[in-house]
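Colleague: need a 3D model of the following:
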Amino acid sequence: MALAVSAPGKVLLAGGYLVLDRNYTGLVFGLSARINVISRDIQASPGVHINEIIVKSPQFLKAEWRYGYHLADGDGGIKTIQLQGGASASAKGNPFVETTLNYALTYITRRAAYGTTQTLKPVTLTILADNDYYSSPSNNSNAAGKGSGDSRFAAYSTTLEDAHKTGLGSSAALVTALTASLLSHYLDPSLFDLATDEGKRILHNLAQAAHCAAQGKVGSGFDVAAAVYGSSHYRRFSPSILSSLPEAGKPGFSAKLCSIVNGQDAGSQWDTEVVKDAVSLPKGVAVRMCDVDCGSQTVGMVKQVLAWRAAQPKEAKELWDELQRRNEKLASVLKEGKTEEIRPAVHAIRELVRKMGTESGVPIEPDSQKELLDALEEGVEGVYGGVVPGAGGYDALALLVRDDEETTKRLEEFLSGWSEKKGSKVRLMEVSGEMEGARKESLLKYQGWV
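Modeller: Got it, this is the predicted structure:
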């Protein structure tokens, strides 16, 4: 048996920092860049049983992880153990892969009432990431990849640890795609169907739990929501939902995980709000991303902004309340197709984002990014406006642009000239905004890789 699923990346166009608080919301767009996972049964010799799962990321060097698995005592669920591999194996663990396996396999064994790990047949999971998840693949890769004339998946000449991410939400998309792959591979469609609302609800809750555990904190979850549902108006879940969940493998983990994911835990009812029909783009308008090859320390920036908010609660609340109103105005302008109002709506948001940055001492929209955004608006026909998305910083821009080849060409030429003039590296990514979330894919898309 073999099947393929994918989950999109994300961009938080409006609502950075605010999305951490349930009193506020975020305007989230899914992206056409996807993390793809292809599952395939491992054929063992007759009479031989193997408890092994192999996870491969063949675009990178030494990116293979082999896991054994067993049922933990005390209803602790499935616990994986990384095994020694061959020359292509990674000596380092991958916490996002390992945690996802622990969570997904635990849910699967309980949901399907498996009493032994022998019911879980060994499987190979192949992960393929669209090129825009990593900076400038042409500089460190064979851009043609291994596919039949398809350059969608580059073959990189580096390890996964050394690859430079572009901030499109690869970890959330990976956890979501890997979870969807395992659920679809092992569970009967009567128990899990990715195409249904119920299937997406289960996927969302399980992927949120696994992703929070893998990163060691309960984040806002907008990135996982985008990976599951695609573009939406998002309000986060209460962090307390996951507070009673034991660690994977600890007594009671299996029962508690399943009751929380299924929404049957009285003290942990999911209150996430994902409103898809509140988000759309005017006809002929696209979200495009620019990669600015210079990373930001997002965690430190968030801590500093939250420290400012705690120290100046009255001023911060007034600013956030007004910024929420302006974010909602932009969402309304886009949904109603008022292209002539996009630029003033974006400018109103940027004004308060810069004020928040100044008052908190955090470069949310740094001077260099402000200069580039202003220059794009003034110098490139077809650019309606742009922001430094999410938590801000130096590593990306999100633009609302006219969706045609002429505008794309003008943007590429402008950014090439800007990079040369400034001695920087800024490029227009191929990725664009996309409404759809996690989905099954045709295996034909991955010929040459699996």
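Colleague: confirm that Asn23 lies within a helix, as I assumed.
Modeller: No. Counting by DSSP: H, G, I helix; E, B strand; the rest coil, Asn23 is not part of a helix but coil.
Colleague: show me where pLDDT drops low in the protein?
Modeller: Residues of the chain meeting the criterion pLDDT under 70: 45-49, 86-91, 115-118, 136-150, 293-299.
Colleague: would you map the helices across it?
Modeller: Residue ranges of the helices in the chain, as given by DSSP state H, are 95-111, 137-140, 170-186, 197-215, 222-229, 253-261, 298-311, 313-335, 342-360, 367-379, 405-422.
Colleague: would you mind finding the most buried of those?
Modeller: helix 222-229 (a mean of 30; mean count of other CB atoms under 10 Å). To be clear about C-beta, it is placed using only N, CA and C from the backbone, and glycine gets the same treatment.
Colleague: for that one, name the packing helices and strands.
Modeller: Where contact means 3 or more CB pairs under 8 Å, 6 or more residues apart in numbering; DSSP states H and E, helix 222-229 is packed against strand 2-14, strand 26-41, helix 170-186, helix 197-215, strand 232-235.
Colleague: what's in contact with that helix?
Modeller: 7-10, 12, 15, 19, 26, 28-30, 35, 169, 171-173, 175-177, 200, 203-204, 207-208, 211, 232, 234, 236, 272, 274, 276, 437-438 (CB atoms under 8 Å, 6 or more residues apart in numbering).
Colleague: can you tell me which residues contact Ser238?
Modeller: By CB under 8 Å, 6+ apart, the contact list for Ser238 reads 22, 271.
Colleague: how close does it get to Leu18?
Modeller: 16 Å (CB to CB, to the nearest Å).
Colleague: and for Pro366?
Modeller: Counting by CB to CB - Pro366 and Leu18 are separated by 20 Å.
Colleague: so which of the helices and strands packed on helix 222-229 gets nearest Asp75?
Modeller: For the helices and strands packed on helix 222-229, distance to Asp75 was read as CB to CB. The smallest value, 16.6 Å, belongs to helix 197-215.
Colleague: just the CA atoms of that closest one, as PDB, please.
Modeller: What follows is helix 197-215, C-alpha atoms only, in PDB (Å, rounded to 0.1, in the frame of the first residue of the first chain):
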ATOM      1  CA  ASP A 197     -14.700  18.100   8.200                       C
ATOM      2  CA  GLU A 198     -14.400  15.500  11.000                       C
ATOM      3  CA  GLY A 199     -11.100  14.200   9.600                       C
ATOM      4  CA  LYS A 200      -9.700  17.700   9.500                       C
ATOM      5  CA  ARG A 201     -10.900  18.300  13.100                       C
ATOM      6  CA  ILE A 202      -9.100  15.200  14.300                       C
ATOM      7  CA  LEU A 203      -6.000  16.100  12.300                       C
ATOM      8  CA  HIS A 204      -5.900  19.600  13.600                       C
ATOM      9  CA  ASN A 205      -6.200  18.600  17.300                       C
ATOM     10  CA  LEU A 206      -3.600  15.800  17.000                       C
ATOM     11  CA  ALA A 207      -1.100  17.900  15.000                       C
ATOM     12  CA  GLN A 208      -1.500  20.800  17.400                       C
ATOM     13  CA  ALA A 209      -0.700  18.500  20.400                       C
ATOM     14  CA  ALA A 210       2.300  16.900  18.700                       C
ATOM     15  CA  HIS A 211       3.700  20.200  17.400                       C
ATOM     16  CA  CYS A 212       3.500  21.900  20.800                       C
ATOM     17  CA  ALA A 213       5.200  18.900  22.400                       C
ATOM     18  CA  ALA A 214       8.000  18.900  19.700                       C
ATOM     19  CA  GLN A 215       8.800  22.600  20.100                       C
END
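Colleague: right, I'll leave it there.
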